[in-house]
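Participant: predicted model and sequence below, questions to follow.
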Amino acid sequence: MQRVCIQFVLLTAAVIGLSFASSRLWGGKPEGLTDRGPLVVEDTMTVAQFGQHNELPPALLKKVFDLKSPADSQKSITAFGMSNEEIGRKTEGLLALHAEHGSKNWVKILVKFSLWLAFLASVFVLMVRRRVTARNRKWLLLTAVAIFGVALGSDPSPMGTVKDAIVLLGARGVIFPPRLIAFGVFLLLVVFANKFICSWGCQLGTLQDLVFRLNREKQDRKNSTRQFKTPFAVSNSVRIAFFGAIIVFAFFWATDIVESVDPFKVFKPQTLGLGGAAFVGAVLILSLFTWRPWCHLFCPFGLVGWAAEKISVFKIHVDYHKCVACGACEKACPSTVMGAILKRDRAIPDCFACGTCLETCPAEAISLKAGKRSEPPAGKFALDIVETETSTVKQRPSKDKGEN
Ligand code: SF4
Ligand code: SF4
């Protein structure tokens, strides 16, 4: 436990310290919406006066009133067939888009997506060839944390594309197209290969995973100090409820409930308040004992990705001709998903394509490949063997068979 604690403290201190330095190097873009206070719209105003009073750029005024010539800006705002409410709404929406655009560091975004694609492609090849081992997994995770989190920051992230899109639509009534494109890319990656972006690309996901692996024995098959697997019905119910709360607060109260506790801010620590720091600390400490707590309990992309992975082309398969029903993969998997895949349960939890099961199987019966999963032969796991604390064996009934 002492070794785990020391490694944990060193890792988090390095991530926070280096992220602090790197986020300052990237410059002062706010990467978030600024609150300007209410707009002033009065019938007596001309377009130019409306712009001056509310400090609006000319390009934005042109879009709000569809101005055809400079002379149009001397017309009264009532001359354009819109009520004051409509003018206010349209201006607020365009201002939100303007702020979104201005807050992005487009060079960094381009670099990050290029590196994501290159890194994920490399890990994918390693995984298909069964080369992701206990030994190199930690290095791969550390590389992902260093590049996509520490060096390239908290934004963009798969989680941000979902959460920010909901908040922007709910609070300001607008859609920011570049975010939809990013979301589409992340979703396509899930459809291609089973939450690969979460497993190996997401800065927070890889950090939680790396922390979790610190508390595993050398072979990465079981914990060093006690770890637990949360039942999927519990974690997914919490995640669905949280997703619903994000929507309700955004649409009814124009509020972003994630903002103050956003754990991605660990890569931009100067923006973390006291509550946020406490929450991030709790997520990271919990990661020592349970796998990816934020992903399973709260992340909106985690939920959307879980739904999308039902149609993933590449996913974990079991070859039942080779499988000796020893249950080693189920025990080694950091969550309950391998047990569900193995026995084709009705509900399959999130598989983060971490590759632990591939390496663990003594019969090389597990692979990451394309196609539909096959069914286990009848009775294959009827006498399911489980290890107890005294190394005796027990029997338990096989579970329901189901989809996917
Ligand atoms: S589920 Fe986890 S890995 Fe995936 S986007 Fe959310 S935080 Fe990142
Ligand atoms: S089944 Fe479990 S161990 Fe295997 S890749 Fe998925 S999450 Fe990892």
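Facilitator: Sure thing, it's come through. Ligands and ions are numbered 1, 2, ... in the order given.

Participant: if I look at the closest residue to ligand 1 within the stretch 51-200 of the chain, how far off is Ile285?
Facilitator: Minimum separation of the stretch 51-200 of the chain from ligand 1 (Cβ to the nearest ligand atom) falls at Cys198, amounting to 3.1 Å. Where you see a C-beta, it was placed from the backbone N, CA and C, and this is true even at glycine. Distance check for Cys198 against Ile285: by Cβ to Cβ, to the nearest Å, it reads 21 Å.

Participant: out of these two, which sits in the busier spot?
Facilitator: Per other Cβ atoms under 10 Å, whichever of Cys198 and Ile285 has more neighbours is Cys198, with 30 against 13.

Participant: from Thr206, how far out is that one?
Facilitator: Using Cβ to Cβ, one gets 9 Å for the distance from Cys198 to Thr206.

Participant: for Ser260, same thing?
Facilitator: Counting by Cβ to Cβ, the gap from Ser260 to Thr206 is 23 Å.

Participant: between those two, which is the more surrounded one?
Facilitator: Higher neighbour count among Ser260 and Thr206: Thr206, with 24 against 13, using other Cβ under 10 Å.

Participant: mind checking the SS state of the nearest residue in space to Pro300 that is not next to it in sequence?
Facilitator: Closest residue to Pro300 apart from its sequence neighbours, by Cβ to Cβ, 6 or more residues apart in numbering: Val162 at 4.3 Å. When classified by DSSP: H, G, I helix; E, B strand; the rest coil, Val162 comes out as helix.

Participant: please name the residues that touch Val162.
Facilitator: 183, 300-301, 304 (Cβ atoms under 8 Å, 6 or more residues apart in numbering).

Participant: go on, Asn223?
Facilitator: 215-217.

Participant: among those, name the buried ones.
Facilitator: 215-216 (16 or more other Cβ atoms under 10 Å).

Participant: now do the phi/psi pair for Ala370.
Facilitator: phi -80, psi 160 (degrees, to the nearest 10).

Participant: and what of the one 4 residues further on?
Facilitator: Dihedral angles phi and psi of Ser374 (degrees, to the nearest 10) take the values phi -90, psi 160.

Participant: same deal with Cys333?
Facilitator: Residue torsions, per degrees, to the nearest 10, at Cys333 are phi -60, psi 130.

Participant: any idea how far Ile348 is from it?
Facilitator: 12 Å.

Participant: could you do Val191 as well?
Facilitator: Taking Cβ to Cβ, one finds Val191 at 16 Å from Ile348.

Participant: which of the two has more neighbours?
Facilitator: More crowded of Val191 and Ile348, by other Cβ under 10 Å: Ile348, with 22 against 16.

Participant: does that one sit in a helix, a strand or a coil?
Facilitator: Quick answer, by three-state DSSP: Ile348 is coil.

Participant: my guess is Thr255 meets Phe249, correct?
Facilitator: Yes - with contact defined as Cβ atoms under 8 Å, Thr255 reaches Phe249; the gap is 4.5 Å.

Participant: give me the more crowded residue out of the two.
Facilitator: Applying other Cβ under 10 Å to Thr255 and Phe249 shows that Phe249 carries more neighbours, namely 18 against 15.

Participant: quick one, what contacts the more buried one?
Facilitator: Phe249 neighbours (Cβ under 8 Å, 6+ apart): 170, 255-257.
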